[in-house]
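Engineer: Whatever this is, show me its structure:
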Amino acid sequence: MTGRYQEIYDRSISDKEGFWAEAAENLSWYKKWDRVLDDSNAPLYRWFTGGQVNTCFNALDRHIENGRGEQAALIYDSPVTDTVETFTYNRLRDEVARLAGALHAKGVTKGDRVIIYMPMIPQAAQAMLACARIGAIHSVVFGGFAAHELATRINDAKPKIILGASCGIEGSRVIEYKPLMDRAIEQATHKPQSVLMFQRAQCTAPLMDGRDFDWMAECAKAAPADCVPVAATDPLYVLYTSGTTGEPKGVVRDNGGHMVALHWSMKNIYDVDAGDVYWAASDVGWVVGHSYIVYGPLLAGCTTVMYEGKPVGTPDAGAFWRVISQHRVKVLFTAPTAFRAIKRDDPNAGMMANYDLSSLKALYLAGERSDPDTLHWAEDSLGVPVIDHWWQTETGWSICANPRGIEMLPIKYGSPTVAACGWDVQVVDEGGKPLERGKIGALVAKLPLPPGTLPTLWQNEARYISSYLEEFPGYYATGDAGFIDDDGYVYVMSRTDDIINVAGHRLSTGAMEEVLSGHPDVAECAVIGVHDDLKGQLPLGFVVLKSGVLRPHEAIIKELVAMVRDQIGPVAAFKQATVIDRLPKTRSGKILRKTMRSIADGETYNAPATIDDPGVLPEIAVALKDIGYAKPA
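Structural biologist: Residues are numbered from 1 along each chain as shown. Just a heads-up that it's a prediction; the model follows:
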């Protein structure tokens with residue numbers, strides 16, 4: 001590959017320190033770094049050691065000093081409460097400083113942990129920024145998480161204070177948060193000193209004397225807090241990975257490298273500039289919400305949209321188009337599952353015609369594999385580039401992406417394009433030996449990882465090494481499988497445990513899902529490998545049909561089996577599929593394939609803490625039983 005991207009990428013690999021030092025110069029530092037890349041404790045690398053910085057200053061105060069105080073910083077759009085509210089940089093900074101002052105008044109200082117347990121309201125973003133302002137380490141726990149799961153995170157993070165809201169709103173349901181928080185604190189061995197409660201109009205939570213305090217009242221009497229310089233290597237936040245059970249796995253994000261990487265990514269990957277409107281349709285409980293609802297857009301001086309609603313049902317499948325049109329969104333970033341839901345309810349994209357989408361220049365998808373059918377549908381409907389990119393909670397930003405701000409590369413469906421700058425992505429076999437182009441193996445990244453990625457796990461260095469660095473020495477193990485083609489495009493086929501072995505043939509369930517999703521009647525699908533006494537494993541498909549499809553299921557399944565046989569071959573041994581109403585997913589949209597496999601193989605399983613609706617699992621068990629697959633657990 002030749003061109004501007006290749007030239008810049010090559011420099012990011014050959015001159016890591018020069019590349020990232022140059023990127024860091026675009027931000028404000030109290031003290032410049034002593035070393036850009038500190039390799040003195042390899043493989044535990046650190047970026048910008050000796051530097052002093054404040055992330056909140058760079059996200060808010062810096063723009064005010066540069067004359068952007070009256071520009072919109074955050075637009076809160078909540079169809080579930082019929083609210084649209086705009087916060088300028090001035091207003092957001094002032095409210096964040098007041099909240100930071102209220103935290104100070106409760107004894108929170110640099111290095112203390114604060115758990116944030118809130119819905120998608122502006123106060124959640126303010127809470128994150130207020131912690132960053134005074135050097136406290138925030139840990140956002142998805143609002144509405146079960147009490148036991150919240151308790152495990154309280155025990156691990158040991159927060160001095162919890163910032164909460166009285167309730168969240170899921171569609172038309174009001175979910176009370178306070179009883180869940182109270183039960184979590186009861187269960188936890190670590191007890192936070194206090195709780196600051198934001199009371200929403202839809203539900204008022206009772207406050208416990210001596211421990212609980214009213215958010216607005218505390219902010220009203222607090223003196224605004226100034227930004228506190230922290231070391232570039234100090235933690236900004238701890239985020240617990242989705243689906244963890246038992247001992248939580250807390251991904252640590254530092255201040256300096258995180259700030260530099262996210263600021264760089266906004267222009268070079270998403271091609272947005274200060275003043276542009278950027279919308280990540282996610283939740284602050286997930287890494288996307290941290291990186292691209294709160295920190296990335298604000299570091300870049302953009303206007304970020306904070307949306308409290310769903311892609312469908314609040315009120316309909318035109319919800320996303322209304323937000324884009326109303327707020328003149330330039331770039332939308334969401335999960336493929338959101339578009340599959342829209343496509344299912346409005347297969348011909350008829351609702352788009354009701355809105356002016358001329359402001360939209362690109363759609364980015366991430367969170368799970370983007371099937372080509374959904375990409376084509378979105379591309380044809382929107383008439384803008386639809387870009388799949390690949391990253392993880394641990395990495396904090398893209399491993400692979402189409403670098404639109406540098407050079408728009410040709411799109412290859414099924415690929416998140418090429419390695420992002422700073423990422424040396426390779427494919428290795430089970431022994432860690434590099435594989436030739438086109439061969440499927442484990443996707444790894446050569447150390448050191450670029451800035452913004454996890455330097456360690458919270459208070460568990462040994463687990464960080466064993467989880468990510470031990471399997472392939474010298475590399476970060478992504479846990480994903482795939483290949484790199486002759487043009488350097490990366491293909492992420494599945495998690496490494498979703499490579500199934502059918503009679504000695506290693507096959508990707510992701511490749512089979514790609515085929516199924518190309519059927520005109522299929523809205524979304526999943527393929528799992530189930531145990532077979534003869535062949536070791538056999539693939540089994542689950543499909544959700546588009547709205548209004550009335551054809552017999554047997555006919556559709558017969559066509560699906562024929563398509564896999566035609567496009568992958570008889571070796572896939574794909575002979576069975578079942579039609580279901582919905583797939584089990586996490587709240588971030590990941591399909592729970594491992595849990596489905598456990599049900600099919602009759603293994604005991606626990607519903608992951610992050611599951612969106614546990615009621616779907618019995619439906620999967622019934623569907624499996626109907627086709628003779630579910631074994632008694």
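Engineer: quick one: the nearest residue in space to Q199 that is not next to it in sequence and Y117, what's the gap?
Structural biologist: Spatial nearest neighbour of Q199, chain neighbours left out: S166 (5.0 Å); criterion: C-beta to C-beta, 6 or more residues apart in numbering. In this view, the C-beta of every residue, glycine as well, is placed from N, C-alpha and C. Here the distance between S166 and Y117 works out to 11 Å (C-beta to C-beta, to the nearest Å).
Engineer: Looking at the two, which has the bigger crowd around it?
Structural biologist: For S166 versus Y117, the count of surrounding residues by other C-beta atoms under 10 Å is larger for Y117: 28 against 23.
Engineer: From A217, how far out is the more buried one?
Structural biologist: According to C-beta to C-beta, Y117 stands 19 Å off from A217.
Engineer: quick one: what helix or strand has F542 in it?
Structural biologist: For F542, the element it lies in under DSSP states H and E is strand 536-545.
Engineer: for the helix or strand following that strand, what is the average pLDDT?
Structural biologist: As assigned by DSSP H and E, the chain's next helix or strand after strand 536-545 is helix 553-567. Throughout helix 553-567, pLDDT has a mean value of 90.
Engineer: With stretch 111-127 instead?
Structural biologist: What stretch 111-127 shows for mean pLDDT is 98.
Engineer: Tell me how far stretch 54-68 lies from the chain's centre.
Structural biologist: Remark: stretch 54-68 is offset 25 Å from the chain centroid, using C-alpha atoms, centre = their mean, to the nearest Å.
Engineer: quick one: contacts of it?
Structural biologist: Residues from elsewhere that reach stretch 54-68 (C-beta atoms under 8 Å, 6 or more residues apart in numbering): 27-28, 30, 69, 71, 73, 89-90, 92-93, 96, 100, 129-130, 132-133, 135, 227-230, 236, 255, 258-259, 263, 274-275, 294-295, 298-299, 301.
Engineer: Let's see that with 6 Å instead.
Structural biologist: 27-28, 89, 93, 129, 132-133, 227, 229, 236, 255, 259, 298-299, 301 (C-beta atoms under 6 Å, 6 or more residues apart in numbering).
Engineer: Low-confidence stretches in the stretch 1-150 of the chain?
Structural biologist: 1 (pLDDT under 70).
Engineer: Kindly indicate whether L617 is helix, strand or coil.
Structural biologist: Three-state call for L617 (DSSP: H, G, I helix; E, B strand; the rest coil): helix.
Engineer: Now for it, how many residues are close by?
Structural biologist: Residues near L617, counting by other C-beta under 10 Å, number 18.
Engineer: what residues are up against it?
Structural biologist: Shown in contact with L617 (C-beta under 6 Å, 6+ apart): P584, A607.
Engineer: In terms of pLDDT, where does it sit?
Structural biologist: 88.
Engineer: any idea how far the nearest residue to P311 once chain neighbours are set aside is from A319?
Structural biologist: Distances taken as C-beta to C-beta, 6+ apart put A338 closest to P311, at 4.1 Å, once the chain neighbours are dropped. Distance of A338 to A319, given as C-beta to C-beta: 10 Å.
Engineer: Which pLDDT value belongs to H505?
Structural biologist: 63.
Engineer: so after the helix or strand where G289 lies, what's the next helix or strand?
Structural biologist: Per DSSP H and E: G289 is located in helix 287-289. Using DSSP H and E, the helix or strand that directly follows helix 287-289 along the chain is helix 296-299.
Engineer: Please save the CA atoms from that next one in PDB.
Structural biologist: Extracted in PDB, the C-alpha atoms of helix 296-299 (Å, rounded to 0.1, in the frame of the first residue of the first chain):
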ATOM      1  CA  GLY A 296     -12.800  12.500  22.800                       C
ATOM      2  CA  PRO A 297     -15.300  15.000  21.400                       C
ATOM      3  CA  LEU A 298     -14.700  17.500  24.200                       C
ATOM      4  CA  LEU A 299     -10.900  17.200  24.000                       C
END
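Engineer: For it, which residues meet the burial criterion?
Structural biologist: G296, P297, L298, L299 (16 or more other C-beta atoms under 10 Å).
Engineer: The helix or strand that that helix is followed by pairs with which strands, parallel or anti?
Structural biologist: Proceeding N to C from helix 296-299, the next assigned helix or strand is strand 303-307, under DSSP H and E. Sheet pairing of strand 303-307 (DSSP bridges) gives strand 72-78 (parallel), strand 277-280 (parallel).
Engineer: Would you format these as a markdown table with mean neighbour count included?
Structural biologist: Output for the strands paired with strand 303-307, formatted as a markdown table (neighbours: other C-beta atoms under 10 Å):
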| stretch | mean neighbour count |
| --- | --- |
| strand 72-78 | 21 |
| strand 277-280 | 24 |
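Engineer: which one of the ones you listed lies closest to P43?
Structural biologist: Taking C-beta to C-beta, strand 277-280 is the member of the strands paired with strand 303-307 nearest to P43, at 31.1 Å.
Engineer: Mean confidence (pLDDT) on that closest one, please.
Structural biologist: The model assigns strand 277-280 a mean pLDDT of 98.
Engineer: Show the buried residues in the contacts of stretch 54-68.
Structural biologist: Among those, the ones that count as buried by 16+ other C-beta under 10 Å are 27, 89, 93, 129, 132-133, 227, 229, 236, 255, 259, 298-299, 301.
Engineer: Out of those residues, which is nearest to R173?
Structural biologist: Of all the buried ones among the contacts of stretch 54-68, L129 has the smallest distance to R173: 28.7 Å, by C-beta to C-beta.
Engineer: From V114, how far off is the closest one?
Structural biologist: Distance of L129 to V114, given as C-beta to C-beta: 12 Å.
Engineer: Let me see the ranges of the helices in the stretch 301-450 of the chain.
Structural biologist: With DSSP state H, counting those that start in this stretch as the criterion, the stretch 301-450 of the chain has helices at 319-327, 336-345, 372-382.
Engineer: Please compute how far the shortest one lies from its chain's middle.
Structural biologist: Right, the one you point to is helix 319-327. Its chain's average C-alpha position is 21 Å from that of helix 319-327, according to C-alpha atoms, centre = their mean.
Engineer: Same check on stretch 468-477?
Structural biologist: Computed by C-alpha atoms, centre = their mean, the separation of stretch 468-477 from the middle of its chain amounts to 22 Å.
Engineer: And it, what's buried?
Structural biologist: Residues of stretch 468-477 classed as buried by neighbour count (16+ other C-beta under 10 Å): Y468, L469, E471, F472, Y475, Y476, A477.
Engineer: Narrow those residues to those in helices?
Structural biologist: With DSSP state H as the criterion, helices contain none of the buried residues of stretch 468-477.
Engineer: Pick the one among these closest to A609.
Structural biologist: Proximity of the buried residues of stretch 468-477 to A609 was ranked by C-beta to C-beta; the top entry is Y468 with 21.4 Å.
Engineer: Surely that closest one is in contact with Y476?
Structural biologist: Yes. Y468 is within contact range of Y476, at 5.4 Å (criterion: C-beta atoms under 6 Å).
Engineer: Could you report the separation of the residue lying closest to T55 once chain neighbours are set aside from P43?
Structural biologist: Distances taken as C-beta to C-beta, 6+ apart place A132 nearest to T55, at 4.4 Å, with adjacent residues excluded. According to C-beta to C-beta, A132 and P43 sit 28 Å apart.
Engineer: re earlier: make CSV out of the strands paired with strand 303-307 and add distance to L617.
Structural biologist: Below are those laid out as CSV (distance: least, C-beta to C-beta, whole Å):
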stretch, distance to L617
strand 72-78, 30
strand 277-280, 29
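Engineer: Kindly state which of these is positioned closest to R593.
Structural biologist: Nearest to R593, of all these, is strand 277-280, at 24.7 Å by C-beta to C-beta.
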